[in-house]
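> just need the structure, nothing else, for what follows:
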Amino acid sequence: MVPGFRASEAAHRYVLDEVRTADRDRFLTGLFAPEPQRRGLLTLLAFDHELARTRTVTREPVLARIRLEWWREAVAEAAGEVMPRAQPIVESLSEIVRRHGLPQQRMLDLIDAREEEIEGALDVVAAGSALADLQLAVLGVTDEPTRRAAHAVGAAWLMGEGPERAALLAEARTHRTAVDPAALPILLPARLLDRHWLPWQKPLVLWSSARRGRY
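All right, here's what the predicted structure looks like:
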């Protein structure tokens, strides 16, 4: 593993506030992970959100690609031995990449998926699987049934309602008895896709599901 780096508390607070605002549902599921894994999961969600914003911050394909190239360079710094650039998400990402030995290629795969989206449709399987593998690395989970379940939930999260999403959720749940319980925080989003829960219901649904080890 590359030498350690510790992000400032201000950077971590920025990440927490960003995810709470931009991705509240998965922010709630991430809270079920213990520290420092919780911090790692929230950082990955902030990273994913920044990449996903590419299509909304600019409509010019060239500028969108420049933005993603900036993130490729930031990922290289995060996985290297140099001081990362002074940006809160990059700083937090650098800490968790070095702490958990996250695979740099999967971060690049996530960026590549968003680049393909600039002028086409997002490959939800590629994007969901890349993020899931990074999350599993933070959680220290490596078994194949959990990996398959996490990939299915990750892809389903990026889909609209329909039979394809339902099939992915069903696939994820076929592994329910074999998954590593440590991965539950990244599988719980499946429960939020079952129906249109009211905002006040979501924490209760997640709490009940986590207690039962269900997703």
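
> so what touches the lowest-mean-pLDDT helix or strand in the chain?
The least trusted helix or strand in the chain, going by mean pLDDT, DSSP states H and E, turns out to be helix 54-57, with a mean of 86. Residues from elsewhere that reach helix 54-57 (C-beta atoms under 8 Å, 6 or more residues apart in numbering): 64, 67-68, 114, 117-118. From N, CA and C alone the C-beta is placed, and that goes for glycine too.

> need the max-distance pair from those.
Greatest spacing in the contacts of helix 54-57, by C-beta to C-beta: R67 and E117 (12.4 Å).

> where in this protein is pLDDT low?
Along the chain, segments meeting pLDDT under 70 span 1-3.

> same thing but at 80, please
1-4 (pLDDT under 80).

> what segments of it are helices?
Here the chain has its helices, by DSSP state H, at 9-22, 24-30, 37-52, 54-57, 61-78, 88-100, 104-117, 124-139, 144-157, 163-173, 184-187, 189-192, 201-212.

> output the contacting helices and strands for the longest one.
Right, helix 61-78. Contact partners of helix 61-78 among helices and strands, from 3 or more C-beta pairs under 8 Å, 6 or more residues apart in numbering; DSSP states H and E: helix 37-52, helix 54-57, helix 88-100, helix 104-117.

> please work out which residues outside it touch it.
50-51, 54-55, 57-58, 83-85, 87, 90, 93-94, 97-98, 104, 107-108, 111, 114-115, 118-119.

> hang on, the earlier thing: and the helices of the chain, which is most packed in?
Highest mean neighbour count of those: helix 184-187, a mean of 26 (counted as mean count of other C-beta atoms under 10 Å).

> list the contacts for Q135?
For Q135, the contacting residues are 41, 44, 150, 183, 186, by C-beta under 8 Å, 6+ apart.

> try it again with 10 Å
Contact analysis of Q135 by C-beta atoms under 10 Å, 6 or more residues apart in numbering lists 30, 33, 37, 40-41, 44-45, 48, 102, 106, 141, 150, 154, 183, 185-187.
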